[in-house]
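J.: give me a model of this one.
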Amino acid sequence: MDSLINATNTAFGEKPIVISLPLRRSEYYLNKKAQQLSFEMTSKLSWHVNVTFSNNSNLMFRGRPVDGIMYERKHLSQWGTLLLTKNLKTDNNILLRNKK
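T.: Okay, the predicted model is just below:
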């Protein structure tokens, strides 16, 4: 994981990097894997000053997508995409503000 961040920093300089963490799931096994991945990414990459994480918790409620967020139970709807974009933009702005 560090090598991806280092390669990105080499190619683009110390630009802000926002990592979208996996969403919580209602299925125990998938939720456990998603939370384990989230923990590993945040613990291994949080030392990079130009990296922040977006947990997108406002897209889910108790492991289920909020009404209108998804279609076919696996694709973000237009509204879901707009919300995800807003989350990433907000986290990027926070990172930029903290960098100053």
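J.: all strands for the protein, in order.
T.: Ranges of strands in the chain, per DSSP state E, are 17-20, 51-54, 60-61, 64-65, 70-71, 75-76.
J.: pull up the pairing partners for the fourth one, direction included.
T.: So the one you mean is strand 64-65. Strand 64-65 pairs in its sheet with strand 60-61 (antiparallel), by DSSP bridges.
J.: for the last one, same thing?
T.: In the sheet containing strand 75-76, its partner strands are strand 70-71 (antiparallel), by DSSP bridges.
J.: measure the nearest residue to residue 26 once chain neighbours are set aside to residue 52 for me?
T.: Residue nearest to residue 26 in three dimensions, not counting chain neighbours: residue 63, with 3.4 Å by CB to CB, 6 or more residues apart in numbering. Placement of C-beta: from N, CA and C, glycine included. Distance of residue 63 to residue 52, given as CB to CB, to the nearest Å: 24 Å.
J.: quick one: contacts for the closest residue to residue 80 other than its chain neighbours?
T.: Excluding the flanking residues, the one nearest residue 80 by CB to CB, 6+ apart is residue 69, at 3.9 Å. Contact partners of residue 69, counting by CB atoms under 8 Å, 6 or more residues apart in numbering, are 59-60, 76-77, 79-80, 83.
J.: so which of those is the closest to residue 7?
T.: residue 76 (27.5 Å; CB to CB).
J.: near the closest one, how many other residues are there?
T.: Residue 76: 16 surrounding residues under other CB atoms under 10 Å.
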